[in-house]
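*Asks:* Kindly return the folded structure for what I paste below:
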Amino acid sequence: MAEVVSVNISEQKGTVKREVPEIQLKLRHGIVGDAHAGDWHRQISLLAEESVDTMRPLLAGLLPGAFAENINTRGIELKSLPVGTRLRLGETVVEVTQIGKQCHNDCAIKKATGKCVMPTEGIFAVVVTEGTVRKGDKIEIIKEAI
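*Replies:* Numbers count the residues shown, from 1 in each chain. Below is the predicted model of the structure:
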């Protein structure tokens, strides 16, 4: 079964996110207290822990949020979800709006290893149903895009 393995925020853009006990998702906003929140299509970023695992041999000591992701998951292949897919994360619902992103060539991980998984394997979503997300929450696909 798919689950949330960490939730992460940063108060400033351009910094590594830090793990927190829980995050509050707000409609038309994203994560309360996160620098990337706002009324736009990339309110929340998600990255599979399986993707992070592929980077561990290249860069030891990777912590949650190292790729500036808000939510780390395990047991769901995020990069294969089509735009429009809805996911239940604990008591909340989010809708996938974008797969991957343009790489920041100056990111510390790419400088150190020559590659970064967030641009090709991370996904972005908007809040559909508000609530709290915590480590250990189950993840369920509730609507697949058509």
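*Asks:* how many other residues sit next to the residue nearest to residue 75 when sequence neighbours are not counted?
*Replies:* Nearest in space to residue 75, with sequence neighbours left out and distances taken as C-beta to C-beta, 6 or more residues apart in numbering, is residue 2 at 3.7 Å. All C-beta spots, glycine's among them, are computed from the backbone N, C-alpha and C. Residues near residue 2, counting by other C-beta atoms under 10 Å, number 18.
*Asks:* now the strands: where do they sit in this protein?
*Replies:* 3-9, 18-20, 22-26, 30-31, 44-48, 71-74, 86-89, 92-99, 123-129, 131-134, 139-143 (DSSP state E).
*Asks:* Would you enumerate the residues in contact with the residue nearest to residue 75?
*Replies:* 73-76, 138-140 (C-beta atoms under 8 Å, 6 or more residues apart in numbering).
*Asks:* So which residue is dead centre in the chain?
*Replies:* The centre of the chain sits closest to residue 46, judged by C-alpha atoms, centre = their mean, with a distance of 1.6 Å.
*Asks:* pretty sure that one contacts residue 76?
*Replies:* No - counting by C-beta atoms under 8 Å, residue 76 is not a contact partner of residue 46; they are 9.1 Å apart.
*Asks:* just to revisit the earlier point, how much space between the residue nearest to residue 75 and residue 11?
*Replies:* According to C-beta to C-beta, to the nearest Å, residue 2 and residue 11 sit 28 Å apart.
*Asks:* what bridges to residue 88?
*Replies:* residue 93, residue 140 (DSSP bridges).
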